[in-house]
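1. What would the 3D arrangement of this be:
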Amino acid sequence: MAVGALLFFVHGNADGSTAIPMGAVLPGIVAGNPLAYMVLGLLVLMVTPALRICMAAVGYVLEGQWGFAIISAGVIAVLAVSLFIGAA
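-> Reported below is the predicted structural model:
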């Protein structure tokens, strides 16, 4: 995200857009689009906690701590439902 902000302040927003579709993030990064870098940074910030919960659930299952594993699975289910409801 910091790289995108730096590129934005140095080069400006060449195409004048204020939003970037998800499908254009990777091509935008290759092209050096500052907004694509910022969107990628936001995506990483949003995915990190979800991955942490998934990894914790796996760890709890491997350690046999079924109560914590069930709670983690419930949190993952709530995140998944909110993702699908938000995408609808």
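2. my guess is I76 contacts C54, does it?
-> Yes. I76 lies in contact with C54 (Cβ atoms under 8 Å); the separation is 6.3 Å. In short, each C-beta sits where N, CA and C put it, glycine included.
3. since we're on F84, how many residues are nearby?
-> Counted with other Cβ atoms under 10 Å, the neighbours of F84 add up to 9.
4. and the gap between it and Y37?
-> For F84, the distance to Y37 under the criterion Cβ to Cβ, to the nearest Å works out to 28 Å.
5. And the longest helix along the chain, what's buried?
-> Determined from DSSP state H, the single longest helix within the chain is helix 34-63. The neighbour-count criterion (16 or more other Cβ atoms under 10 Å) identifies 34-40, 53, 56-57, 60 as the buried residues of helix 34-63.
6. Between those residues, which sits nearest P27?
-> In terms of Cβ to Cβ, no member of the buried residues of helix 34-63 lies closer to P27 than A36, at 7.8 Å.
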